[in-house]
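> Sequence and predicted structure below; questions after.
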Amino acid sequence: MKLLITGGAGFIGSAVVRLAVARGHAVVNLDALTYAACLDNVKSVSRSPRYAFEQADIRDRAALDRIFATHCPDAVMHLAAESHVDRSIDGPGDFIDTNITGTYNMLEAARAYWHGQGKPENFRFHHISTDEVFGSLGPSGQFTETTPYAPNSPYSASKAASDHLVRAWGETYGLPVVLSNCSNNYGPYHFPEKLVPVVILKALAGEPIPVYGTGENVRDWLYVEDHADALLTVLQKGELGRSYNIGGENEVSNIDLVRMICAILDEKRPAGAPHADLITFVADRPGHDLRYAIDPSRIRGELGWRPSVTVQEGLEKTVTWYLDNAPWWQALQARDGVGRRLGTDQGTGQKAGG
Ligand code: NAD
C-alpha cells in the first residue's frame, strides 16, 4: 500500500513509518516539523525508494490537497497532533487548532480526494487517538470501546473532539474510517519532555528525578514498536467505522515505573548510590487523571493482536537505546521548554505518564 502518514517525524509516527517501510509499504511522511519533531527518527528509511517526505501543516488545506493529488495514497494514518498534556495546560490554543481544525482539514482533504478517485472501497482513513479521551478510572475497571468520553485536559478534550469528527465523517459521508485509542507509549525516540526519558536523563545526570504528586497515578504502558504493529493491524484488518482500544496489559504506577527505570540503570550504569535516591516529589499537575487501563479484548479477539514485550523488557530496551544514542537526545534538550516544569497553570518539564 501507499500510506500517507501524518506526524511521521514524531515519536509514534516515526515508529510507524519505520515499520511500514520495513514491511514493504510505500510511505509519504507529512509533518510540519514542530518542536516535537526530529527527522533523525526516520533517518534509517529516508533513502528508501519507498519513502517520501512532505513538510506541511495540517492546518493548511491547500497543502493537503496538493499532497493527496501528488501522491495518490491508498490509506491515511493520521497521527499529527500536539501531544503534551502539560503544554496543553499552558497553551491550549495550538491543541484546538492542530488537533481539531487540523483533523477537520485532513478529513475534508481525504474526502475530496476519495470522491475524485471514484470512492474506492478499500481506501482507509485511520485516526490515531488516546485512551485519555475516556477520562480517569478509580482503582478498578478498564476502558472499553463503549466507555463514555470524559476528557479532563485540554489535550484529551481536543483529541476527543477529533475522534467525534472522524466518526461523523464516516457516518455522514461514508468515508471509510477506522479509529484506535491507545494507552501510554514509551520506547526509542521518545521526546525528552515525557516521563520515561525525563527519568532516564535526570538519573544519568545525577539530578533530582521529578515525580508529580505522590506518584500513584497508574498508566497502562505500551512499547512504541508494539503500538506501531497494532496500528498496521488495525489499518489492514479493522472493520470499517469501528474503534479499537490498544493497551500493553502493563498497568504500573508512575512511582513504580520510575523505580524500575532506576533499577535498570543501577545495573547498566552504576553510580555511587542507587539512582532511586534522586526521586523527588513535586507539585501535582492540575486535573491529573488517577488511572487509565485498557480492556484489549476487541483488538485481541477480533484482530488477533497482542503486545510482544512486558514493561520490564520494554524498559530495558528503552534504557539501552538512550545509553547508546546520547547525540540524539542531547540535541533535543536545547529545544524550547525541554527540562523546564510546564503545566502548573502558573507558567512554570515532564509528562507525568500521560
Ligand atoms: P509527538 O508529539 O512525538 O509527534 C507529533 C508529530 O506531529 C510531530 O512530528 C509534529 O511535528 C507533528 N505535528 C504537530 N502539529 C502538526 C501540524 N499542525 N501539522 C503537521 N504536523 C504536525 O506525538 P506522539 O507521542 O508521537 O503521538 C502521535 C499521535 O499518537 C498523537 O495523535 C497522539 O495523540 C497519539 N497518542 C500518543 C500516545 C503517547 O503515549 N505518546 C498515546 C496514545 C495516542
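Yes, it's here.
> what about the helices in this protein?
Secondary structure of the chain, counting by DSSP state H: helices at 11-22, 61-71, 85-90, 93-95, 102-116, 154-173, 195-205, 224-237, 254-268, 297-303, 311-324, 326-332.
> Which stretch among those helices approaches residue 278 most closely?
helix 195-205 (6.0 Å; C-beta to C-beta). Bear in mind the C-beta positions are built from the backbone N, C-alpha and C, glycine included.
> what inclination does that closest one have with respect to helix 254-268?
40 degrees (axes from the mean of the first three to the mean of the last three C-alpha atoms, to 10 degrees).
> Off-centre distance for helix 195-205?
Mean-position distance between helix 195-205 and its chain equals 19 Å (C-alpha atoms, centre = their mean, to the nearest Å).
> what residues are up against whichever residue of the chain sits closest to the ligand?
In the chain, the residue that lies nearest the ligand is residue 10 (2.0 Å; C-beta to the nearest ligand atom). Shown in contact with residue 10 (C-beta atoms under 8 Å, 6 or more residues apart in numbering): 31, 36-37, 41, 79-80, 83, 191.
> from those, which single one is nearest residue 55?
Closest to residue 55, out of all of the contacts of residue 10 and judged by C-beta to C-beta, is residue 31, at 6.6 Å.
> And the pLDDT for the residue nearest to residue 137 when sequence neighbours are not counted?
Nearest residue to residue 137, sequence neighbours excluded (C-beta to C-beta, 6 or more residues apart in numbering): residue 291, at 4.4 Å. On pLDDT, residue 291 comes in at 93.
> And stretch 193-212, end to end?
Terminal residues of stretch 193-212 lie 14 Å apart, using C-alpha to C-alpha, to the nearest Å.
> same deal with stretch 214-230?
32 Å.
> in that stretch, what counts as buried?
215, 217-230 (16 or more other C-beta atoms under 10 Å).
> what does stretch 320-336 give?
321-322, 328-329, 332.
> okay, those in TSV with distance to the ligand and pLDDT next?
As requested, those are exported to TSV (distance: C-beta to the nearest ligand atom, whole Å; pLDDT from 0 to 100):
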residue	distance to the ligand	pLDDT
321	16	98
322	16	98
328	13	96
329	13	96
332	11	93
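> Just put those in CSV and tack on distance to residue 313.
Formatted as CSV, the buried residues of stretch 320-336 follow (distance: C-beta to C-beta, whole Å):
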residue, distance to residue 313
321, 13
322, 16
328, 22
329, 21
332, 25
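> ok, the residues you listed vs residue 151, which is closest?
For the buried residues of stretch 320-336, the nearest to residue 151 is residue 332 (27.9 Å; C-beta to C-beta).
> Contact partners for that closest one?
Per C-beta under 8 Å, 6+ apart, neighbours of residue 332: 38, 191-192, 338.
> May I have the residues that are in contact with the closest residue to residue 16 other than its chain neighbours?
Closest residue in space to residue 16, ignoring its immediate chain neighbours: residue 228 at 4.6 Å, by C-beta to C-beta, 6+ apart. Residue 228 makes contact with 12, 15-16, 18-19 under the criterion C-beta under 8 Å, 6+ apart.
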